[in-house]
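> Quick one, what's the 3D model for this:
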Amino acid sequence: MANKPNINPENIGAGLGELKSRLFFLLFAIFVYRIGTHIPVPGIDPLQLQAFFTQNEGTFADLFNMFSGGALERMSIVALGIMPYISASIIMQLLTAVSPQLDQLKKEGESGRRKITQYTRYGALVLATVQGTGMTVGLLAPMAYSPGIAFNLTAI
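This next block holds a predicted model:
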């Protein structure tokens with residue numbers, strides 16, 4: 001005779017509250033991101049930006065724009081998206097496999113995992129700063145109304 005799982009109807013409803021809160025957070029995060037894609041970086045000339053993307057159709061910039069959901073084409077404040085965090089996460093996973101100190105930290109359990117997550121967030125912040133600087137100096141400076149240190153600090 002096959003074993004039937006012991007399904008308790010009271011336990012089914014207990015997990016739905018957490019699922020609802022996670023789903024609500026996800027929908028709220030998507031909403032905030034979509035609103036953020038329509039807020040441009042201050043000081044950008046929209047006509048020069050349009051000309052840049054018309055000229056560079058089918059290039060890496062066009063591909064990056066597709067992955068950012070059109071945020072790059074509008075040069076929005078969220079143009080980098082989650083790419084710095086994903087890159088930092090991959091780098092930390094590779095470093096954990098290579099570094100004995102990080103491997104030991106991973107084996108410590110929950111506290112070690114929290115520490116690695118903290119390092120991942122710091123790495124994402126560094127990567128976002130470097131990528132934001134690259135975008136500002138490489139892409140945005142020629143399209144700015146008044147390029148200079150004030151614009152660079154605002155855009156990064």
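
> Wait, residue 113 touches residue 106, no?
Yes: counting by Cβ atoms under 8 Å, residue 106 is a contact partner of residue 113 at 7.0 Å. For the C-beta atoms, the positions are set from N, CA and C on the backbone; glycine is no exception.

> who has more neighbours, the two?
Using other Cβ atoms under 10 Å as the criterion, residue 113 and residue 106 rank with residue 106 on top: 17 against 13.

> ok, now which ones touch that one?
Shown in contact with residue 106 (Cβ atoms under 8 Å, 6 or more residues apart in numbering): 96, 112, 113, 116.

> Look up which helix or strand the third one falls in, please.
Element membership of residue 113, judged by DSSP states H and E, is helix 110-135.

> hang on, residue 52 in a helix?
Yes: assessed with DSSP: H, G, I helix; E, B strand; the rest coil, residue 52 lies in a helix.

> That one against residue 141, yeah?
No: in this structure, residue 52 is not within contact of residue 141 by Cβ under 8 Å, at 11.9 Å.

> For the two, indicate the residue with more neighbours.
Set residue 52 next to residue 141 and count neighbours by other Cβ under 10 Å: residue 52 wins out with 17 against 14.

> Around residue 121, how many other residues sit close by?
Applying other Cβ under 10 Å, I find that residue 121 has 14 neighbouring residues.

> Might you report the residue contacts of it?
By Cβ under 8 Å, 6+ apart, the contact list for residue 121 reads 85, 88.

> Could you do residue 71 as well?
By Cβ under 8 Å, 6+ apart, the residues touching residue 71 are 36, 37, 65, 78, 79, 81.

> Please check those and keep the buried ones.
By neighbour count, with 16 or more other Cβ atoms under 10 Å, the contacts of residue 71 hold 37, 65, 78, 79, 81 as buried.

> now the last one: how far from residue 124?
Looking back up the chat, that one is residue 81. To residue 124, residue 81 is 12 Å away according to Cβ to Cβ, to the nearest Å.

> Tell me which stretches of this protein form helices.
Ranges of helices in the chain, per DSSP state H, are 9-36, 46-55, 60-67, 83-98, 100-106, 110-135, 149-155.

> Adding distance to residue 74 and mean pLDDT, write those helices out as TSV.
Output for the helices of the chain, formatted as TSV (distance: least, Cβ to Cβ, whole Å; pLDDT from 0 to 100):
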stretch	distance to residue 74	mean pLDDT
helix 9-36	10	83
helix 46-55	8	83
helix 60-67	9	79
helix 83-98	17	93
helix 100-106	38	89
helix 110-135	13	92
helix 149-155	14	81
